[in-house]
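Undergrad: next comes the sequence, and after it the predicted model I'd like to discuss.
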Amino acid sequence: MIFSIEDGSDMRNGYRLTLGTPATYRIRVQGRLNASWSERLGGLRITTRRRAGQIPVTTLVGQVRDQAELIGILNSLYELHLPLLLVQNLPCKSP
């Protein structure tokens, strides 16, 4: 599993992530998750890709209110037995 913060450009622009700061994340899980789960997972956009002969991978992208909401989303994915592949904090569009 990979946890990452993009190239750090937000840090150079004075953006500082805190526990209560809204942030945009990309989360990837192994398996299929129906888009109808979006509302239960903080309104994140859900897309699933499946390549021939491979296990499907679902990507969730969107803004999360704070770290507590992020943990809630990750816990929900855990309870659905979807292994985490990636949790990525995406750069802020406007500092």
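TA: The structure has been received and is ready for your questions.

Undergrad: buried residues of the strand or helix carrying R28, list them for me.
TA: With secondary structure defined by DSSP states H and E, R28 is part of strand 23-30. By 16 or more other Cβ atoms under 10 Å, the buried positions in strand 23-30 come out as 23, 25-29. C-beta: built from backbone N, CA, C; applies to glycine.

Undergrad: what does it rub up against?
TA: Applying Cβ atoms under 8 Å, 6 or more residues apart in numbering, the contact partners of strand 23-30 are 17, 44, 55-64, 70, 73-74, 77, 82-90, 92.

Undergrad: among these, which are located in helices?
TA: Members of the contacts of strand 23-30 lying in helices (criterion: DSSP state H): 70, 73-74, 77.

Undergrad: now those residues in a markdown table, with distance to L33 and neighbour count?
TA: As requested, the ones in helices among the contacts of strand 23-30 are arranged in a markdown table below (distance: Cβ to Cβ, whole Å; neighbours: other Cβ atoms under 10 Å):
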| residue | distance to L33 | neighbour count |
| --- | --- | --- |
| L70 | 16 | 18 |
| I73 | 11 | 19 |
| L74 | 13 | 16 |
| L77 | 8 | 21 |
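
Undergrad: from those, which is closest to R51?
TA: L77 (21.2 Å; Cβ to Cβ).

Undergrad: with adjacent residues omitted, what lies nearest to L80?
TA: L33 (7.1 Å; Cβ to Cβ, 6 or more residues apart in numbering).

Undergrad: mind checking which helix or strand of the protein has the lowest mean pLDDT?
TA: helix 9-12 (a mean of 49; mean pLDDT, DSSP states H and E).
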